[in-house]
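J.: I'll drop the sequence and a predicted model, then ask my questions.
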Amino acid sequence: MKQQPILLVEDNRDDVELTLMAFAQAHITNPVVVAKDGVEALEYLFSEGKHARRDARESPVVVLLDLKLPRVGGLEVLERVRQDERTKTIPVVILSTSTEQEDMIRAGTLHANSYVRKPVDFDTFVDAARQLGLYWTVLNEPIPKPATAEPERYK
């Protein structure tokens, strides 16, 4: 069975490398797709732009989403994901340095599955990324997507 990818939405090259290293150390073998800004993330999720040929039915197992992104911010990405029937059940974990209470409240309002502050310390960051990867690829039971047709209502 083909493994679902992890979508890592991160504009900091160092954080991308640390996350990939942590996944490798934890033997997480899911493919990781990296989007360097919100536009690229949305194009991937909705099979548009350079990802137009991607099968949109193959959702990522989890989206690790930074908030402070160029072009389209992370909260706007989360809002668009939650508004669309095709993507609203995809787990989204905010992985950000932001400690702003407003960001955390907005993420919760938009039904982020989790909010994790990026540790500044190298070893702590690697450990956090490893734990996130293991949880979402091994332990978590994905919620089934809703049926596309409306169920027949009782009369």
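T.: Looks like it arrived, so ask away.

J.: In which helix or strand does Leu67 reside?
T.: Assessed by DSSP states H and E, Leu67 sits outside every helix and strand.

J.: who touches it in this structure?
T.: For Leu67, the contacting residues are Gly73, Gly74, Leu75, Ile94, Ser96, Ser98, Asp103, Ala107, by CB atoms under 8 Å, 6 or more residues apart in numbering. In this view, the C-beta of every residue, glycine as well, is placed from N, C-alpha and C.

J.: In the helix or strand of the chain with the lowest mean pLDDT, which residues are buried?
T.: None of the helices or strands of the chain scores lower by mean pLDDT, DSSP states H and E than helix 122-134, at a mean of 72. Across helix 122-134, burial judged by 16 or more other CB atoms under 10 Å covers Phe125, Val126, Ala128, Ala129, Arg130, Leu132, Gly133, Leu134.

J.: Dump that helix to CSV, restricted to CA.
T.: C-alpha atoms of helix 122-134 as CSV (Å, rounded to 0.1, in the frame of the first residue of the first chain):
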residue,chain,number,x,y,z
PHE,A,122,18.4,22.2,17.9
ASP,A,123,18.0,19.0,19.8
THR,A,124,14.6,19.9,21.2
PHE,A,125,13.4,20.9,17.7
VAL,A,126,14.6,17.6,16.2
ASP,A,127,12.8,15.7,19.0
ALA,A,128,9.6,17.6,18.6
ALA,A,129,9.6,17.0,14.8
ARG,A,130,10.3,13.3,15.4
GLN,A,131,7.4,13.0,17.8
LEU,A,132,5.0,14.8,15.5
GLY,A,133,6.0,12.6,12.6
LEU,A,134,5.6,9.4,14.6
